[in-house]
Structure formats: structure tokens, C-alpha cells
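Trainee: give me coordinates for this.
(chains A, B and C)
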Amino acid sequence: MNLKKAISVVMIGTMIGTLAAGTATTTTYAADTIKIGWLAPLTGTAAENGQQVTWAAEMIVDLINEEHGDINMLLAADAGLPNLDGAQIQLVEADTKGDTTVATSEARRLISEEGCVALTGQLTSGMSKAISVITEQYEVPLVTAGSAVTLTDGSEDYDWLFRYNLTDDTYIDDSYKLMDEANAAGTEIKTVAFLSEDSEFGANIVTVEEKKAEEYGYEVVENMTYAANSTSLSSEVIKLKEANPDCLMVAGYATDVILLINTMSDQDWFPKMLIGQRGGFVTADFFSALGDKVEYIFSTGGWAADIQKDCIQSLQELYPDYSKGIAFNEGMSKDCADVLLIASCINQAGSTDSAALAEALKAPDADCSKIFMPWTSIEMNEYNQNTAATGVVMQVQGGEYKTVYPEDVKTVDAIFDAPTWSER
Amino acid sequence: MATLLQALYEGIINGTIYALIAMGIALVWGVMGILSFSQGEFLMIAMFVAYFFSTATGLPPVLALPLCMGILFVLGLGIYKTIIYKALQGPTLSQRLITFALSLVLVNGMLMLFGGTFKTIQHTGMEGSINLGPLVIAKNRIIPFIIAVCVFAFMLWFLNKTRQGKAIRATSMDKTAAEHVGINTEKSYALAFGLSAAVAGAAGCALSYYYYCYPSVGGNFQLFGFIAVVMGGFGSVEGAIVGGLIMGLVDSLTGVYFNTAFKYLGVCLIFMLILQFKPKGLFGGK
Amino acid sequence: MSQMNKKKIIEVKNLRAGYGFVEVVHDVSFSVGEGEILAILGSNGAGKTSTLRALTGEIKPMSGEILYEGKSIVGLKPYKLAQMGMSMVPEGRHLFGNLSVQDNLLMGAYLIKDNNQLQKNLEEVYKLFPRVKERAKQTARTLSGGEQQMVAIARGMMMNPKVLILDEPSLGLMPKLVGEIFEFVKEIARMGITILIVEQNASETLKFCDYAYVIQNGETVISGTGAELLVNEDVKKAYLGG
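Mentor: Here you go, the predicted model:
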């Protein structure tokens, strides 16, 4: 056999071997393992956060599968799902790479090859829309915490999409109500500006922000979109400085938020109120990269660390073991709550049959005191949206987020008139 | 007025980074006729070097400049001698595309080594800003600017006033003639490639002052660098510098006076305009 | 009269060379005596330029010997040969178009590191080529064909060469200019520099060269002094118009 032939044989052999090895990873599991698909960006610009949220989801799954009598959370007390003879949950993780095309093909693989009974993950609204093409086709539930209003307003047919967390409607309402409170407390807030990234997340938020500005009576002095991962946000900040809004609302992911705050510091401008709309504002990187520049920044949120529920405190104690020290935050809470709810509904349905599961998801019979979110009840409307979900607004004070709104949940008073950079 | 001044200032500051990338591309194209798609990755590697240096020692990133440029220079030489040299002996198409493949390898290599997470330097030793009349000059942006200007000055001096630099210039003008007057054109090629990497390395060190560092960071800057080179005229190092500054200005002014969403559109329009009237770029060239 | 009484500065024996798998030079042998003007003649495509390329290191010969001052130079790159005193004025002139005439000359002196020597060479070259001096500040690209050829030769002289190789200097020039260029070549030879000239223009070249070889189909076929070949019947028929 001459060299050329030998090389072809080796190459073909390697290819066959790789294919075989690839398919061989699907080992058979015992019948009492239930798979939940988890999609998150594990590589790419959002990977840092995606990894942290994934650890949180893994923590929840461990708490479900093992016996933890001391933790006052749904399904923690018993090992596995009690109604299914202790069946174990397996979180099947897939990397979306932050790309909707990859996410879609991974979703298909999770359902058709892995046999996942439901999908969730750390999903943006854009991702959720892309993945729902698959979940609607296969009739498998998709639970998302993405906040775009259009996911559950009936404008599209998402029969198999469920959302327990808040929509932008509530978050933005809370933002404007906070601004009202500022005015009531003596800080004059009359003008508002919006700075949003230009994909699904930002685009949806801006629509709501604009609509409600009129309702609440605030003047919009600047409304800008920017491309994510821009090489520079200098011109954006120049324009903001010129318009000088009393309140700035920002929708963006961690990388851009960090660049933005740094650029604002460089150009020596900060509004009286800066309200971040979650996204980059509720990641660990926000704090580690910006140091004390984050002080006085607000963010809307679906969760806060200082809410008084014992399971919240327990998770905050446990999570650092999974994350090498990083604290449990708002960003991850929403997504891993979805994992818990899916498991709870499977338990409620007593089976993994998709129709039965869907029924349970539409009307979860869950004790909210054992869920680590601020909700007191879950009420699903016709579009599978939890209308009883409530949110908070937090402000960074002393280097961490403290709940400053609403009145009945807040732990400290908000500081409404942020000092300028030089005054700090 | 204050806005215009600030916009011009920010444009030039940002433009210097694009100019550094563009210089590397122009140099490599001028000397050996290869499109360097990997300048962005050289920038990225230097950012990692600066990040690790600054985080480990607590010293400002500018002190990592010799390290960044040195490591990248050696890396550039190494890449030239192993990969580019071979490619030059092959068909033209693979010559043109070899650096594209290289950039993919570098990005994914760094991804494997350091993960997709992004890093920013916490304390660059230059916090705060100075007010120069209506202009706000952030200390964090002045150092990168000074680094860039020093590198421009160094490169122009080297290429025009030193014997080795003139040899490189001659090689890029006419390789045959250069050989016959006694210039070792192989050495010129290797040096040119190494220098282009070093220049991108300086850009990375400068950028680490205010931008975040992750394996794919090179992409956007590379793109701007390319446009800058075509605007300035392929092969002209001076043209690349001017092109880069123009890019920065257009980016900034379009964002401030038109719409931030149209920044890239503005850049592309100016690009097409320049090519319409001066097809060979502002400074002619190859 | 033959070359026998001159020391051989360049010797090429049974050269075979080509590009890739295509052999263009099959069997070329010639030698250049020190201080003489040696011409290599032949029509287009005969293999003259390829021979020269093999000699100056641009392409690697397939077989055969190439000696410079008695030592083999096979495989040495052109810049190395330049360092050894062999200066080549390539076909098509290859000036540094965007540089001034003077800067072209200065580049020609790349190997001269002593500034005094460099200035001396420049003065001498200007003395030899007064028209070049007139155009010193002009951009090389803007000169006429004849002027460019003179600059190319002048540049080749800047390194104080032992051997000056001229590849088709008359190409593209009007007959009157060709005569002028060849006058300069004779002047340079009088300075003691060995000249190797490769030419298509046989009649003019034979008038002033000391010795010549004719290459046909990649082989050296005839050789003799300029005078001898001018009256040679075969040469007359093939290259001198009967």
C-alpha cells in the first residue's frame, strides 16, 4: 500500500471512529431518570454569566435529587420526585454559544436525541423565540424567563411556552413608579432617556419604555440604540451628556454595560437616576469589573437577596460551593426557579407525558413559601403567563444590591439624587 | 461646541487604535502581498498579556507595553517562518487566505486556554479625568493615546530613517530590485510580519485600559482596521494611520450628530465616497 | 583570439535549469574573463534570461556548475551575490518608482555602510552619468525609458561592483538611445569592471563586446569574439538579417 492509500485509510478510519465515539456517549439510563433540557451560553461573550447560572441550575437539581430535610424548598426534603417513586432529574446541558442558530439545533437535539421532557435555560427573549420554533413543533414545554412582553401577549401562537417570571411591562411599570416616588421625595425627575442594545432584548424594552413614558407623564429627551459589543460607546455618552436626562434607563448585556459605565466615568457624567433593566446589571461581572463605580445604580429585578424567605437564605449559603465563591444573584434566580417549577409540575402530573405535564404547568399547585422568588402565588393566564409574579427595584448601596421598592418589601430607602463622579 | 470638541476628541482617541491595526495590515500587504486577517488576534493576545501582567503585579498596563510588543514580535517572526513562508511558495489564493485560517486557530486556541469569559483590568492606576475647558479628558484614555502616538512615531522613523527600515520599504516597492542591491528580502519579510504583530500588540496593550478582553475581541477592530487600510491606500503605512483616524472620527461624529444606530452605516458611506474619488485610497499605493 | 589569457571571473559549465518541471536551459556553458565585456545573445525565448536567473540565484539550477572567482555559487541568493561584488541590472529596469532618482542611487549603495565611501561613489556615478545628475530630484517613475535605463545602470554601479550584469538593456529603447547606452557600457568597462551583457540586439552588441556566446533552444551553439561573429555566416543569417 503506498503512502496516499495509507493516509486515506487512516483518515477514513479516524472519521468513522469519531462518529462512533460521538454517538456512543448516549449511554442508557435507568427508567427512573427524567431529563430536563438546559440551554445556556457556555462559550462566547456571555459565557461567564451563562456558566454561573448553569451552576445554580445544577445546585437546584442536586437539592431535588438528594434528601435535604433542612432546606425549606419544594422537593428538597425527599430524594427525587416523591410522586414518581423518587425518580431523579437529570439536567442535560447544551451550549447555545450565544447564537440562535446553534441554540435551535441544540434544542432539537435535546428533544429528539436526548429525550428531554421540557426545555429551559438561561435564555434571552430572542433565544426563546428561536427555540420555540422547535418546541412548538415537537410539542414540548419551554419555560423561559426572558422578559419580552410579546412572548405571552397572544400576538403569536406559543402554546407550549410558559413564563412564571415577569414581563417587561411590570419591570417598566416599577421603574416609572420608582421615578414617581423620587419626585414625591423631593428630587425632581422630569426627563428620561433610553439607551438600548439593538437585538430582541433591547428592542422589546424600548417599545414598552416609550409607551409608558407617555402614560406616566415623563418627557423623553433621548432614545438611542447601539450595537452590542461595539468598539466604542463614546458618541452615545456624548449625546446623553448633551441631553442630560434626569433618569437614564439602560437595557444591555454585561460587556456593553461595563463599557458604558466606564465611558460615563471617563466623560464625567452621571444622571440623577440610572435604572438598569436587569441583563448585564444583574451579573457578577458587573460588580467585579466596575468596582465602586456601580454605587447608586438601580436595577429592576424579579428577585432580591434581602427578601425574607428561608429558602432564599439557604441557597445563598449553598451556591458559593458550586461557583467557587461567587454569590447567588438576581440573574440566576429566575432561570433556576424555572427548573424547580418544571420538576414540581412533573411531580404534580405524576408522569412525563407532555399533555399531562402541560396541564400541570398551566396550573401549578405549588406552595410559594417554598419557592425562592418573591411571589406569594402563581396564577397563569390564557397565554401561560404568571400574572401574580411581582418584581422589585434594587439599588447598589455599599457595594451590593438592596431592595428599595416596593414599599412593603424594601429593606432600605432609595437614594434618588446620585452624586456626580467627582463628588464621590 | 463642547459636544463637537468632545466628539472630535473621542473620535481621534478611538481612531488611534484602528490606526495601529491598520498599520500592521498595510505593512504586511505592502511588503509581501498578503492580507493579514490575524491582526485582531494579535491585539487580543496582547490584551491578555496586559491583563495578566496588570492583575498579577498591580502595575499599570503601560508597563506591560514592552512585554506585549516583544512577545507579539517574536510570535510574528515565528508565524512567518513556519506558516507564512510556506504559504508564499504556494498558490496565490492560499497566500491571501492563510492568515484567515491562522486567526481562527488563535481565537479558538485562546478560547480553550482561557475560556470565553471576559476580563477587565480593575485598576489601571489612572482614574478620573481632567477638564480642559469644555473638554473632558479621561486619564484612562490619554495613556492609550500616547502609546499609539509613540508607536506611530517609532514606525515612521524606523521605516524611513533606519537602514533596515529602508530595506523593508525597498522590498515592498520592488522585491527584485531590492535583492539585486544586496537586501536580504527574506529577512525583510520576516521583520515586516514581526513588526506588524508587535504594532497590534501595542494596540492591545493600549486597549486594555478601557475595553474588555476576551478571545473574540479582535473581530470588530480588525474590520475597522481593514476599512482604514483601504481608505488610506493599501500598502501605505502613513495612509493607514490617516485612515484609522478618519474611521474613529466618522464613527464618533455619525454617532453624535446622526444616530448611534447608524454608526457603521456612516463608516461605510465615507468608505465608498473615498473610493469613488480616489479608487486607490487617499495615498495611492499598490 | 579567445578568452584564454584572461582570468575567469565567472564560469558556467553544462547548466540545466528551468521552472518547476519545465526545462528551459538544456546545456549552457560559458565563461567571463576578468575585465572583459562578454555578451550572451539569442532570440526571444532562447533561454538567455533563464540562464541569467540561474546565475544570479533567482532560480535554482537543475544541474551544472556555476563558479564565481573559482567558488561555486549555486543556490546562493541574489543579495549574497551582490555582497560578493556581482551587481545585476535586471530586465525591465525595476527602479524604485516612487523614489527620486537620487534615492534610487542611494538604495543602490545599500551595502556601503561608510558614508564617506557612499558620497564618493555618488559623485563618481554622477560624473559618469551627467544626465542622471540633472534629474536627481525627479521621481524615477516619471523619467523616459532611456533615462530610466541609465538610472538603473547608475544604481548598479553604486556598490562598486566587480562584475556588472546587464539583462537586455536595449529593450524598448529607440535605436539612437541604444547606442548611447552602449557607449556608457564601454566607459564602465574601461574602468576595469567586468561586464556580462545579455541581449537580443545582436548587431549593435557584437560591435563593442570582446567575446560572445549565442544561445539557441537552451544551448550554447556558437562562440567567438565580437568581430568574428559579426562576419559569421550562420550568425548573419539568424540574427543579423542575412
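Trainee: and A:K4, what's its pLDDT?
Mentor: Note on A:K4: pLDDT of 64.
Trainee: likewise A:I71?
Mentor: So, for A:I71, pLDDT stands at 89.
Trainee: helix, strand, or coil at it?
Mentor: Under the three-state scheme (DSSP: H, G, I helix; E, B strand; the rest coil), A:I71 adopts coil.
Trainee: list the contacts of it.
Mentor: By C-beta atoms under 8 Å, 6 or more residues apart in numbering or on different chains, the contact list for A:I71 reads A:L63, A:A77, A:C311, A:S314, A:L318. C-beta: built from backbone N, CA, C; applies to glycine.
Trainee: how about low-confidence regions in the chain?
Mentor: You didn't say which chain, so I picked chain A. Counting by pLDDT under 70, chain A shows low-confidence ranges at A:1-31.
Trainee: wait, chain C was what I had in mind.
Mentor: Scanning chain C for pLDDT under 70 picks out the ranges C:1-5, C:241-242.
Trainee: circling back: from the contacts of A:I71, which single one is nearest C:I112?
Mentor: For the contacts of A:I71, the closest approach to C:I112 (C-beta to C-beta) belongs to A:L318, at 77.5 Å.
Trainee: verify the stated contact: the closest one with A:I60.
Mentor: No: in this structure, A:L318 is not within contact of A:I60 by C-beta atoms under 8 Å, at 9.9 Å.
Trainee: the more surrounded of the two?
Mentor: The residue with more neighbours, out of A:L318 and A:I60, is A:I60; 28 against 18, by other C-beta atoms under 10 Å in any protein chain shown.
Trainee: give me the element that one is part of.
Mentor: For A:I60, the enclosing helix or strand under DSSP states H and E is helix A:47-65.
Trainee: that helix packs against which elements?
Mentor: For helix A:47-65, the packing partners by 3 or more C-beta pairs under 8 Å, 6 or more residues apart in numbering or on different chains; DSSP states H and E come out as strand A:33-40, strand A:88-95, helix A:284-290, helix A:310-323, helix A:330-349.
Trainee: could you pull out the strands for chain C?
Mentor: Here chain C has its strands, by DSSP state E, at C:8-19, C:22-33, C:37-41, C:63-68, C:71-72, C:86-89, C:163-167, C:194-199, C:211-216, C:219-225.
Trainee: how does chain A divide up, domain by domain?
Mentor: Chain A resolves into domains spanning A:33-166+A:307-370, A:168-301+A:392-405 when parsed by automatic domain parsing.
Trainee: now do the helices in the chain.
Mentor: Defaulting to chain A. Here chain A has its helices, by DSSP state H, at A:3-24, A:47-65, A:100-112, A:125-138, A:168-184, A:200-216, A:234-243, A:254-266, A:284-290, A:310-323, A:330-349, A:354-362.
Trainee: not what I meant, chain C
Mentor: Secondary structure of chain C (DSSP H): helices at C:48-56, C:78-83, C:101-108, C:115-128, C:130-134, C:145-157, C:175-190, C:202-208, C:226-230, C:233-239.
Trainee: out of these, which is closest to A:P419?
Mentor: When those are compared by C-beta to C-beta, helix C:101-108 sits nearest A:P419, at 61.4 Å.
Trainee: point out where the stretch 101-250 of chain B drops to low pLDDT.
Mentor: Where the stretch 101-250 of chain B drops to pLDDT under 70, the residues are B:115-118, B:123-126, B:234.
Trainee: so which residues on it come close to chain C?
Mentor: Proximity of the stretch 101-250 of chain B to chain C (C-beta under 8 Å from any C-beta of the partner chain) is limited to residues B:163, B:166-167, B:170, B:173-174, B:176-186.
Trainee: list only those of those flagged as buried.
Mentor: Buried by 16 or more other C-beta atoms under 10 Å in any protein chain shown: B:166-167, B:170, B:173-174, B:177-186, out of those.
Trainee: A:G325: which of those residues is nearest?
Mentor: B:E186 (52.3 Å).
Trainee: got the domain boundaries for chain C?
Mentor: If you go by automatic domain parsing, chain C breaks into C:1-85+C:161-242, C:95-160.
Trainee: dump these to TSV, plus distance to chain A and mean neighbour count.
Mentor: Listed next are these as TSV, based on distance: least, C-beta to the nearest C-beta, whole Å; neighbours: other C-beta atoms under 10 Å in any protein chain shown:
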stretch	distance to chain A	mean neighbour count
domain C:1-85+C:161-242	19	18
domain C:95-160	33	18
